[in-house]
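J.: Show me how the following folds:
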Amino acid sequence: MMAALNKRPIGVFDSGVGGLSVWREIARQLPHEDTLYFADQIHIPYGPRPPEQLQQFSEAITRFLIERGCKAIVVARNTASATALKHLRTTFPHIPFVGMQPAVKPAAETTRTGIVGVLATPATFQGALFASVVERFANGVQLINQVCTGLVEQIEAGQIDTPDTDAMLRGFLQPILDAHADAIVLACTHYPFVIDAIRRIAGPGVKVIDPSPAIARQTGRVLAERGWGAPDSRMGRRVFYTSGNRDAFHRVLGQLVDADGPINVAVWRDDRIVFETT
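T.: Predicted coordinates for the structure are as follows:
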């Protein structure tokens with residue numbers, strides 16, 4: 001049984017390609033692990049959707065990944081983590097979950113001005129998880145919360161280094177920079193794909209925090225604690241699923257992470273994923 005668990009994949013899901021920033025770190029830190037990545041692109045964006053619907057989507061995707069043998073699930077989406085992580089852990093108590101948490105703690109520990117900017121979606125800011133993180137770790141720190149309307153869609157379209165995206169980022173960052181923040185938290189998994197532009201606009205005196213490496217380390221710890229890690233001698237297999245357009249996903253996959261692996265199309269029927277096409 002243990003050998004079978006060791007050989008099972010890690011499931012990673014997001015509403016789109018943003019979670020590939022987390023997947024990339026998992027693949028880099030744990031290259032011997034198989035991974036299944038699910039991009040629920042037919043339902044993007046998740047941010048404006050009600051929590052109950054996000055729980056339904058997250059539960060259906062988790063069932064889909066478990067049915068394909070996943071031994072652990074990484075919820076590579078701040079919005080889904082904020083609204084569905086507790087529900088998922090209750091619904092699937094035998095599966096370990098790793099979720100996203102806004103990196104307010106490291107930002108609060110490193111800021112010198114006492115002012116921290118946070119880039120996120122409305123659902124993340126409104127969720128209980130963000131409120132809990134702020135209550136626990138942001139004492140004495142002023143947070144400048146900035147909703148980045150339209151940025152997820154730009155990244156999903158592969159518009160990473162374009163004048164339009166640059167103009168959007170400048171607009172989002174200006175209130176944070178005007179407040180003299182010296183740390184910026186990327187509280188959406190899409191945003192690390194424009195981290196170079198954010199750093200350029202913010203300047204060298206501002207630390208930009210990407211939580212993806214910490215999430216990958218936590219995934220490794222979760223597997224190690226259970227003895228479920230794959231042997232270091234093997235190379236992990238990468239498989240991708242999208243509920244959207246396969247060609248568009250393939251194009252952006254190559255642009256963002258330059259990854260190889262089969263891409264399958266998963267089909268929703270009502271609140272369930274009923275079959276996949278290859």
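
J.: hey, where'd the helices end up in the protein?
T.: 2-7, 20-29, 51-67, 78-91, 104-110, 122-126, 128-137, 151-156, 163-178, 195-202, 212-226, 246-256 (DSSP state H).

J.: Of those, which is nearest residue 275?
T.: Checking the helices of the chain against residue 275 by C-beta to C-beta gives helix 51-67 as the closest, at 10.2 Å. Any C-beta I mention is one placed from the backbone N, CA and C, and that applies to glycine too.

J.: Dump that closest one to CSV, restricted to CA.
T.: Output in CSV follows, covering the C-alpha atoms of helix 51-67 (Å, rounded to 0.1, in the frame of the first residue of the first chain):
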residue,chain,number,x,y,z
PRO,A,51,-18.5,31.1,-2.1
GLU,A,52,-21.0,28.4,-2.3
GLN,A,53,-20.4,28.0,-6.0
LEU,A,54,-16.6,28.0,-5.5
GLN,A,55,-17.0,25.2,-3.0
GLN,A,56,-19.0,23.2,-5.5
PHE,A,57,-16.4,23.7,-8.2
SER,A,58,-13.5,22.8,-5.8
GLU,A,59,-15.3,19.7,-4.5
ALA,A,60,-16.0,18.4,-8.0
ILE,A,61,-12.4,19.0,-9.1
THR,A,62,-11.1,17.3,-6.0
ARG,A,63,-13.2,14.2,-6.7
PHE,A,64,-11.9,14.2,-10.3
LEU,A,65,-8.3,14.3,-9.1
ILE,A,66,-8.9,11.7,-6.4
GLU,A,67,-10.5,9.3,-8.9
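
J.: okay, and for the stretch 1-150 of the chain, where does confidence drop off?
T.: 1-3 (pLDDT under 70).

J.: run the last query once more with 90
T.: Confidence mapping of the stretch 1-150 of the chain against pLDDT under 90 gives the ranges 1-7, 44-52, 77-84, 101-102, 121-132, 139-140.

J.: Tell me how far residue 98 lies from residue 219.
T.: Distance of residue 98 to residue 219, computed by C-beta to C-beta, to the nearest Å: 5 Å.

J.: Mind listing the shared neighbours of the two?
T.: Listed contacts common to residue 98 and residue 219 are 72, 74; contacts here mean C-beta atoms under 8 Å, 6 or more residues apart in numbering.

J.: related to what we said a few turns ago, just tell me which of the helices of the chain ends up closest to residue 188.
T.: helix 78-91 (5.5 Å).

J.: residues of stretch 24-42 that come out buried?
T.: By neighbour count with 16 or more other C-beta atoms under 10 Å, stretch 24-42 contains the buried residues 24-27, 30, 33-42.

J.: And the furthest pair within these?
T.: The widest separation within the buried residues of stretch 24-42, taken as C-beta to C-beta, falls between 30 and 42 and amounts to 28.6 Å.

J.: can you pull the contacts of residue 131?
T.: Shown in contact with residue 131 (C-beta under 8 Å, 6+ apart): no residues.

J.: Distance check, it against residue 71.
T.: Taking C-beta to C-beta, one finds residue 131 at 31 Å from residue 71.

J.: Likewise for residue 149?
T.: In this view, residue 149 and residue 71 are 37 Å apart by C-beta to C-beta.

J.: same question, residue 162
T.: For residue 162, the distance to residue 71 - C-beta to C-beta - is 39 Å.

J.: Just want to know which of those two has more residues nearby.
T.: More neighbours surround residue 71 than the other of residue 162 and residue 71, with 24 against 13 (other C-beta atoms under 10 Å).

J.: which ones are touching the spatially closest residue to residue 153 that is not a sequence neighbour?
T.: Closest residue in space to residue 153, ignoring its immediate chain neighbours: residue 45 at 6.9 Å, by C-beta to C-beta, 6 or more residues apart in numbering. Under the criterion of C-beta under 8 Å, 6+ apart, the neighbours of residue 45 are 15, 16, 121, 152, 153.
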